[in-house]
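Participant: what would the 3D arrangement of this be:
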Amino acid sequence: MTSASLTMLQKANCPVWPWNKGGEVGLLVEAFPMAQLYRWNLPHEGYNGRGDHAFKVREKIISGILPLIDLGEFQAALIENADALDAVICAFAPIAVNTGKIAVFPDKVAILEGWIAIHA
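Facilitator: Next up is the predicted model:
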């Protein structure tokens, strides 16, 4: 997975946060849906899958993010598919970088290892 990710980053040839700052066109930002959900005090485990429990957990997550975004006609798709829900949650990482609403700002370690952006 690491090799594939690094290959994709090299081929993208785009600026990467935190080494590059927000506001740049094509800026790549790393996101981690589970960490974002944890930060928002929403269920962050058990929402993947097709079982009744996973559907109920996704419904709770969606109830928690509705004040942040109007899901409109896509709400049902997010209940049906954890990957679609993850994609919506991941969209908050670049928003956090570009608006300065990062939950934890990068420190010196980020220069060596990179950083996951989490929306406050």
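
Participant: could you find the closest non-adjacent residue to the most centrally placed residue in the chain?
Facilitator: Central residue of the chain (C-alpha atoms, centre = their mean): Cys90, 2.2 Å from the mean position. Setting aside the residues directly before and after it, Cys90 is nearest to Ala31 in space (C-beta to C-beta, 6 or more residues apart in numbering), at 3.9 Å. C-beta coordinates here come from the backbone N, C-alpha and C atoms, glycine included.

Participant: what does His44 give?
Facilitator: Counting by C-beta to C-beta, 6+ apart, the residue nearest His44 is Leu37, at 3.8 Å.

Participant: that neighbour belongs to a strand?
Facilitator: No. Assigned with DSSP: H, G, I helix; E, B strand; the rest coil, Leu37 falls outside any strand and is helix.

Participant: okay, now it: neighbour count?
Facilitator: When counting by other C-beta atoms under 10 Å, one arrives at 22 neighbours for Leu37.

Participant: so where's this protein uncertain?
Facilitator: The chain contains no residues with pLDDT under 70.

Participant: now do 80
Facilitator: Counting by pLDDT under 80, the chain has low-confidence residues at 1-2, 6, 22-24.

Participant: in it, which spans are helices?
Facilitator: Secondary structure of the chain, counting by DSSP state H: helices at 2-12, 33-39, 52-65, 75-80, 82-90, 92-99, 108-113.

Participant: okay, these, which one's buried deepest?
Facilitator: Neighbour counts (mean count of other C-beta atoms under 10 Å) averaged over each of these peak at helix 92-99, with a mean of 19.

Participant: how close does the residue in the chain sticking out farthest from the centre get to Lys60?
Facilitator: Within the chain, the residue lying farthest from the chain centre (C-alpha atoms, centre = their mean) is Asp52, at 24.1 Å. Shown here: Asp52 relative to Lys60, a distance of 13 Å by C-beta to C-beta, to the nearest Å.
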